[in-house]
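> Got a predicted structure plus its sequence, pasted below:
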Amino acid sequence: MEDFKRTYLRLCKEGGVEPQDSIVVQLQESRAAQGSRLDLSGQILSADTCSVLARAFQRDTAFTEVSLSDCMLSEEGAKVLLTGLFDNTTVKVLDLKGNNLRSTGAEVLGKLLARNKTLRRLVLEWNALGVWDEAFSLFCDGLASNSTLTHLDLRNNQINHHGASELALGLKHNSNLEVLDLRWNNIGLLGGRSLLEAVQKNKSIMQLEMAGNNIPSDILKALEQTTGHNSDRQSTLRDSHSRTQVLSKEIQILKEEKGKQFLGLMETIDRQRDEMGRSNRSTSVQIGQLQEALNERKSAVNSLTAKLQMTEAALTLSEQKNHNMGELLTRLKAEKEERREQQSRERKKEQEDSVLREGKLFRETQNLTETNLQLRNKVEEMERRCKSQQQQIFELKQELTNSTAEFKLRLAQAEDRLEIEKRRSKQTLEDMDHLRQKEVEHVNRHLEESERAMQERIFKLEGQRIQLEEEISKAKAACVTERAQAEEELGRVRAQVRFEEQEHVSSLEEKLRSVRSSLQEVQLHCSQQKQTISELHAKNSQQSIEMDGLRRRIEELQQELSSKDQEKVAEVSRVRVELQEQIGHLQAERTAQGGLKEKINALEREIKVLSSNHREALLDKESEMSSLLEKLRLREAEIQRMREDEAQRASYLQSAILTYVQGSPLGHYSSPKK
């Protein structure tokens, strides 16, 4: 304020103008109150003072409200002062009440509205802007190009129906004006109709004051209804904007929750991978233990081969003994032959002894040969058993290698499938969100376009009706024919509107079908995920079957080991203890697989929760679609009611005009001519 005061005084000094004390006092008061309002109402401002104020306003003061009511501004002073506000960027409220502004003021106000981009409220009460039609048309052109003004007060400005029609043209191109006060003018019936048409086309005006303008009550009611519809439309737009914001926030929250769930799934998959790695390491440890057991069995077989070698050495010793016995027999025979000659008598006695000895020796040799054969058979059996055990050990190694390779392949396939399912689920979720956003935008766009088309058609019909009423006043016979044509056109337009409404309803039904089909696709995706989980269950059951086969194989090996000799009882018991420890490890792995099954069940529950969430979101979308359809139905009912009211009003007007024509003196004079 101090800067404005200084600039005012400096400009007065530069221009040689005497500064007004009232203005200086007002500036001091506003500075003391620290307000942003400059009130110069009731003060008489000369042209020089107005020029000084205009140059001061050109420098963007701190005032946002300027009151110049009842200042008795001259045409030149008003022109200069308003010109100074062309490029001002601080003043938002301007009060010019009671200044008797005329043609020049109206022209400058039009230029002000066209150039100024900050003015929000303009009060022009008790002026004479509507007296000159051309100047007021320039004012209306400026109002049409303005994009910031929201409140306009034109009370008591002597605006007639021509000015109202110009104002209506300006309002058709203005999309920001919300409050318009036209009370106590002379607008009349034709001006009211043009303003009604403009307000029906303009969707921003929510308050229109038309009292004291000689406008029929039905047009006033129509204006109130249209402004009410505009306010309702603005409220619905705000509600829809807030709902879209809420929906976007909910969609963002759902995306974040889905991302968290996806991260949880990834963590569970990583944990499963770690557990599979641990199980692989445990299986490798078990394979090492089995290898150690096989090495121990090899050492046992080596000990058995050593025992066989010892038995073979014993056999060689027995054969050597037999050979020695044969030599002894030959020696005995020689001694007998030598003694036959010498001891013939002793031979007879000793013959029986020799026969007995020979029988004993023969029996001993037979026993030795039998024992040798038995030992050879035992050695062959031991060799066969060793070969069969080596073959079984080789087969077990091959089975272990095959099972490990199969487990690795299955793990790789399961990981690939899990990654593919992750990508698919992520892509489907993104596609569903994108499709829903597109559908919501398309529905909103289609609703707005349909509303615009319906309103434009209603405006066209209203124009045709007004033309028909004017033509009725000109000629009675032409009115009848044109009325029939207008009714036919109304029927065609109604049929066309009904057809388009049916098409719109069918398109909405198709959209609902597409939404339901997308729901079915989501359900199919869930069923596919369940199928993959069932496949994992089947694989788990196959692994358990293979473990049972291995367990049965181990039991068979135990049975085969139990059939060995009594000499190997200690070794067999030790091997059995080791096998029992391996069975314990396998049972521990089985419990780990049970934990994996529980995790799979938890994942299935999470998938069910996700599907239920998707289903709830789809149900919410369907409820919103139904609410939108209900709003459309209500708006169509309102439009139909308005059409019926307009048709009834046209019939009333037609009957009134007919009665007026029949009751006028022209009608009395024209009756004898007929």
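Looks like it arrived, so ask away.

> what number of residues lie near residue 333?
Residue 333: 11 surrounding residues under other CB atoms under 10 Å. Bear in mind the C-beta positions are built from the backbone N, C-alpha and C, glycine included.

> Now do whatever helix or strand it lives in: distance to the chain's middle.
Under the criterion of DSSP states H and E, residue 333 resides in helix 217-342. Relative to the chain's own centre, helix 217-342 is displaced by 40 Å; criterion: CA atoms, centre = their mean, to the nearest Å.

> Tell me the helices and strands packed up against the helix or strand following that helix.
Using DSSP H and E, the next helix or strand after helix 217-342 towards the C-terminus is helix 344-474. Packing partners of helix 344-474 (3 or more CB pairs under 8 Å, 6 or more residues apart in numbering; DSSP states H and E): helix 188-201, helix 217-342, helix 476-562, helix 569-663.

> For residue 208, which of those helices is the nearest?
Closest approach to residue 208 among these (CB to CB): helix 217-342, 5.0 Å.

> tell me what the helix holding residue 333 is packed against?
Using 3+ CB pairs under 8 Å, 6+ apart, helix 217-342 is in contact with helix 188-201, strand 207-209, helix 344-474, helix 569-663.

> Centre-most residue in the protein?
Against the mean C-alpha coordinate of the chain, by CA atoms, centre = their mean, the closest residue is residue 433 at 3.5 Å.

> that older thread, what's the most buried one of the helices and strands packed on helix 217-342?
Ranked by mean neighbour count, the helices and strands packed on helix 217-342 are led by helix 188-201 with a mean of 22 (mean count of other CB atoms under 10 Å).

> Which residues does that one contact?
For helix 188-201, the surrounding residues in contact (CB atoms under 8 Å, 6 or more residues apart in numbering) are 159-165, 167-169, 171-172, 182, 187, 205, 208, 210, 213-216, 219-220, 222-223, 226-227, 230, 455-456, 458-459, 462-463, 466.

> Pull out the buried members of those.
The neighbour count (16 or more other CB atoms under 10 Å) marks 159-165, 167-169, 171-172, 182, 187, 205, 208, 210, 213, 215, 219-220, 222-223, 226-227, 230, 455, 458-459, 462, 466 as buried among the contacts of helix 188-201.

> For residue 433, see how far away the residue nearest to residue 617 when sequence neighbours are not counted is.
Spatial nearest neighbour of residue 617, excluding adjacent residues (CB to CB, 6 or more residues apart in numbering): residue 254 at 7.0 Å. Separation of residue 254 from residue 433 (CB to CB, to the nearest Å): 8 Å.

> go on, residue 44?
According to CB to CB, residue 44 and residue 433 sit 67 Å apart.

> What of residue 644?
Between residue 644 and residue 433 the distance, using CB to CB, works out to 44 Å.

> next one: residue 83
Taken as CB to CB, the span from residue 83 to residue 433 is 55 Å.

> Ok, residue 600 next?
Taking CB to CB as the measure, residue 600 falls 28 Å from residue 433.

> go on, residue 552?
From residue 552 across to residue 433, the span is 53 Å (CB to CB).

> And for residue 639?
Distance, residue 639 to residue 433, using CB to CB: 35 Å.

> Neighbours of residue 124, how many?
Residues lying near residue 124 (other CB under 10 Å) number 24.

> nope, residue 491 is what I was after
10.

> before we move on, what about the one 4 residues further on?
Burial of residue 495 is recorded as 10 neighbouring residues (other CB under 10 Å).

> which element is residue 157 on?
Residue 157 is part of no helix or strand, with elements assigned from DSSP H and E.

> Count residues in the vicinity of it, would you?
As a burial measure, residue 157 scores 23 neighbours (other CB under 10 Å).

> Show the contacting residues for it.
Residue 157 is in contact with 124, 125, 126, 127, 128, 129, 130, 185, counting by CB under 8 Å, 6+ apart.

> can you pull the pLDDT of it?
On pLDDT, residue 157 comes in at 93.

> one step back: distance of the residue nearest to the centre of the chain from residue 444?
For residue 433 relative to residue 444 (CB to CB), the value is 17 Å.

> likewise residue 152?
Residue 152 sits at a distance of 30 Å from residue 444 (criterion: CB to CB).

> Likewise for residue 333?
Between residue 333 and residue 444 the computed distance is 132 Å (CB to CB).

> Pass me the low-pLDDT residue ranges in the stretch 1-150 of the chain, would you?
Residues of the stretch 1-150 of the chain meeting the criterion pLDDT under 70: 1-4, 15-16, 21-22, 28-35, 60.

> So which residues of it form strands?
Assignment of strands within the stretch 1-150 of the chain using DSSP state E, counting those that start in this stretch yields the ranges 37-39, 65-67, 93-95, 121-123.

> In a strand, residue 203, correct?
No - using DSSP: H, G, I helix; E, B strand; the rest coil, the assignment for residue 203 is coil, not a strand.

> Give the burial count for it, as a bare number.
17.

> dump the residue contacts of it.
Counting by CB under 8 Å, 6+ apart, residue 203 touches 175, 230, 233, 234.

> Identify the residues contacting the third one.
Contacts were defined as CB under 8 Å, 6+ apart; by that measure residue 233 touches residue 203.

> do that again at 10 Å, thanks
Neighbour list for residue 233: 203, 204, 206, 451, 635 [criterion: CB atoms under 10 Å, 6 or more residues apart in numbering].

> what's the answer for the first one, then?
Residues touching residue 175, when contacts are defined by CB under 10 Å, 6+ apart, comprise 144, 146, 147, 202, 203, 204, 205.

> please redo it, this time with the cut-off set to 7 Å
residue 204 (CB atoms under 7 Å, 6 or more residues apart in numbering).

> State whether it is indeed within a helix.
No - assignment of residue 175 by three-state DSSP gives coil, placing it outside any helix.

> Now do it against residue 7, distance only.
Per CB to CB, residue 175 is found 36 Å from residue 7.

> got it, and the last one?
Separation of residue 234 from residue 7 (CB to CB) stands at 41 Å.

> Which secondary structure element of the protein has the lowest mean pLDDT?
Taking mean pLDDT, DSSP states H and E as the measure, the helix or strand of the chain with the lowest value is helix 665-673, at a mean of 43.

> wait, isn't residue 125 in contact with residue 96?
No - taking CB atoms under 7 Å as the definition, residue 125 is not a contact partner of residue 96, at 8.4 Å.

> who's more crowded, these two?
The residue with more neighbours, out of residue 125 and residue 96, is residue 96; 25 against 18, by other CB under 10 Å.
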